[in-house]
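Enquirer: Take this sequence and fold it.
(one chain, ligands or ions: 3)
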Amino acid sequence: MSSTATPRRVEHQQTDKGYVPVYTTAVVEQDWDQYSEDDHRTWATLFQRQLQVLQGRACREHLEALDGLQMSAGRIPRFSDINALLQAATGWTIIGVEGLLPELDFFDHLANRRFPVTWWIRRPDQIDYIAEPDLFHDLFGHVPLLFNPVFADYMQAYGRGGVKAHGLGEAALQNLTRLYWYTVEFGLIRSAEGLRIYGAGIVSSKGESIHCLESDAPNRIGFDLKRIMRTRYRIDTFQKTYFVIDDFQQLFDATRPDFTQIYAELAPMPAIPAGETIDGDRILHRGTGEGWLDEGGDV
Ligand SMILES: C[C@H](O)[C@H](O)[C@H]1CNc2nc(N)[nH]c(=O)c2N1
Ligand SMILES: N[C@@H](Cc1ccccc1)C(=O)O
Ligand SMILES: [Fe+2]
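Expert: Residues are numbered from 1 along each chain as shown. Ligands and ions are numbered 1, 2, ... in the order given. All right, here's what the predicted structure looks like:
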């Protein structure tokens, strides 16, 4: 086993559009033996830290699936071990990738119940923040909910919807990407004990796990499909708004209708800035906006 840090082949690249990720399509073997002791330590540090932070904050389904998939702090999990358990539970498979995939490739994998997981883990100096998805975000953040039958079906439906939206143009894709962002990445869910986290972008971040539930700054608003599809978001700071579902069945049912009609209806409507509330919102908490950067940075 090598003792030096794992080389990272996919990073960001400076272009005339700014600093953007490099997209790759290749599906790669995990090659577990090349992880360094530093890599395993990074996994252990993040795993232990998040397991503590997520008690009473992450939804029960997420925490139980970490057990069900036998993830632990000791070593970076082997994809083959995860797959044996995941396939038996919901028929999903994880596949190794270098990083972000082109959208259509990504959707096609989801539509076929394959979830792409970045094989490399962040460097020790990136423990608190990394701009792009790494193994910890993908495996610890996303994969546990694929162990849940309803969420597993939602992700496949999303992939199929993505393939369709891809043929309908940029605006439809943008609507659908916002849905992914505000559910799969940054979703909150109600439970009998109170609000809980299910979004992978939150689950893999210590700071946002606390912020999304305990800070007065962000809005917390009841799930509303069309509203979400119009809402811009932040990729560089904590979210200004979180949307709250009652349960995964609500998410699945609300997204079952054919979106073609909805995309057409939304096309002439203006986008909503990330931190704004509008008439008709079911506001659970109105954000104070403390610490927000201006909306020029909303995506
Ligand atoms: C759909 C989502 O918004 C985004 O565009 C896609 C693009 N490609 C990706 N590729 C990987 N590997 N992982 C991802 O989460 C995504 N997200
Ligand atoms: N019903 C959506 C597909 C979809 C399902 C679940 C999530 C997202 C999209 C469509 O027709 O496009
Ligand atoms: Fe993600």
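Enquirer: Could you check how far the most centrally placed residue in the chain is from ligand 1?
Expert: Central residue of the chain (C-alpha atoms, centre = their mean): Glu185, 2.8 Å from the mean position. Per C-beta to the nearest ligand atom, to the nearest Å, Glu185 is found 8 Å from ligand 1. C-beta coordinates here come from the backbone N, C-alpha and C atoms, glycine included.
Enquirer: so what's that residue closest to, chain neighbours aside?
Expert: Gly201 (3.8 Å; C-beta to C-beta, 6 or more residues apart in numbering).
Enquirer: Which positions within the helix or strand Ser209 falls within qualify as buried?
Expert: Per DSSP states H and E: Ser209 is located in helix 206-214. Of the residues in helix 206-214, Lys206, Glu208, Ser209, His211, Cys212, Leu213 count as buried by neighbour count, 16 or more other C-beta atoms under 10 Å.
Enquirer: now do stretch 64-80
Expert: Ala65, Leu66, Leu69, Met71, Ile76, Pro77, Phe79.
Enquirer: gap between the two ends of that stretch?
Expert: 20 Å (C-alpha to C-alpha, to the nearest Å).
Enquirer: pLDDT averaged over it - what is it?
Expert: Stretch 64-80 carries an average pLDDT of 98.
Enquirer: Check the offset of it from the chain's centre.
Expert: Relative to the chain's own centre, stretch 64-80 is displaced by 18 Å; criterion: C-alpha atoms, centre = their mean, to the nearest Å.
Enquirer: near ligand 1 at all, it?
Expert: No - Stretch 64-80 does not reach ligand 1 (C-beta under 6 Å from any ligand atom); its nearest approach is 14.0 Å.
Enquirer: can you list the residues that contact that stretch?
Expert: Under the contact criterion C-beta atoms under 8 Å, 6 or more residues apart in numbering, stretch 64-80 has outside partners 30, 32, 35, 39-40, 43-44, 47-48, 51, 81-82, 85-86, 89, 94-96, 117, 121, 135, 139-140, 143-145, 147-148.
Enquirer: Same question for stretch 185-200.
Expert: Residues from elsewhere that reach stretch 185-200 (C-beta under 8 Å, 6+ apart): 54, 56-62, 137-138, 141-142, 145, 151, 183-184, 201-203, 209, 212-213, 220, 233, 239, 242-248, 251, 284.
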